[in-house]
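Visitor: My questions concern the predicted model and sequence given below.
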Amino acid sequence: MNILLINHYAGSVRHGMEYRPYFLAREWVRAGHRVRIVAAAHSHLRNRAPQLGGRAVLDETIDGIAYRWHAAPAYHGNGVARALNMAAFVSALYRGARPLARA
């Protein structure tokens, strides 16, 4: 089975919180499923952000889990910058929805 988990704040053991999507995906992979997690590259929950190197998207595999990180602006606090981060992530999802669904 192919599983697509979209979680703006999803983390990994490399990046830190939020761990629940990682641990769910790891168990699904162990059960034989293909899993992709799609998340924003910047989140206030993580200790370390994925390094996109100026790219809009970064695909990487962590413990058999395919991650797709989308560039999103940095923010601090709960203000306008955070709303822009969320809007950038949703916009990236919308633009890449068809190829992501096909994959």
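Guide: Nice, thanks for sending it over. Only a predicted model underlies this, so the values are computations on that prediction, with no experimental measurement involved. Numbering: from 1, shown residues only.
Visitor: drop to CA atoms for contacts and neighbour counts, all remaining ones
Guide: Noted.
Visitor: for this protein, what's the longest helix?
Guide: Among all segments of the chain classified by DSSP state H, the helix with the greatest residue count is helix 80-95.
Visitor: what's in contact with that helix?
Guide: Contacts of helix 80-95 with the rest of the structure, by C-alpha atoms under 8 Å, 6 or more residues apart in numbering, involve 8, 39-40, 42, 70-76.
Visitor: what pLDDT, on average, does that helix get?
Guide: Helix 80-95 shows an average pLDDT of 95 in the prediction.
Visitor: which parts of that helix are buried?
Guide: Of the residues in helix 80-95, those scored as buried under the neighbour-count criterion (16 or more other C-alpha atoms under 10 Å) are 82, 85-86, 88-90, 92-93.
Visitor: Just the closest of the contacts of helix 80-95 to Arg55, please.
Guide: Closest approach between the contacts of helix 80-95 and Arg55, by C-alpha to C-alpha: Ala71, at 7.3 Å.
Visitor: separation between the closest one and Ala56?
Guide: For Ala71, the distance to Ala56 equals 5 Å [C-alpha to C-alpha, to the nearest Å].
Visitor: which one of these two has more residues nearby?
Guide: Between Ala71 and Ala56, counted using other C-alpha atoms under 10 Å, Ala71 has the larger neighbour count: 23 against 12.
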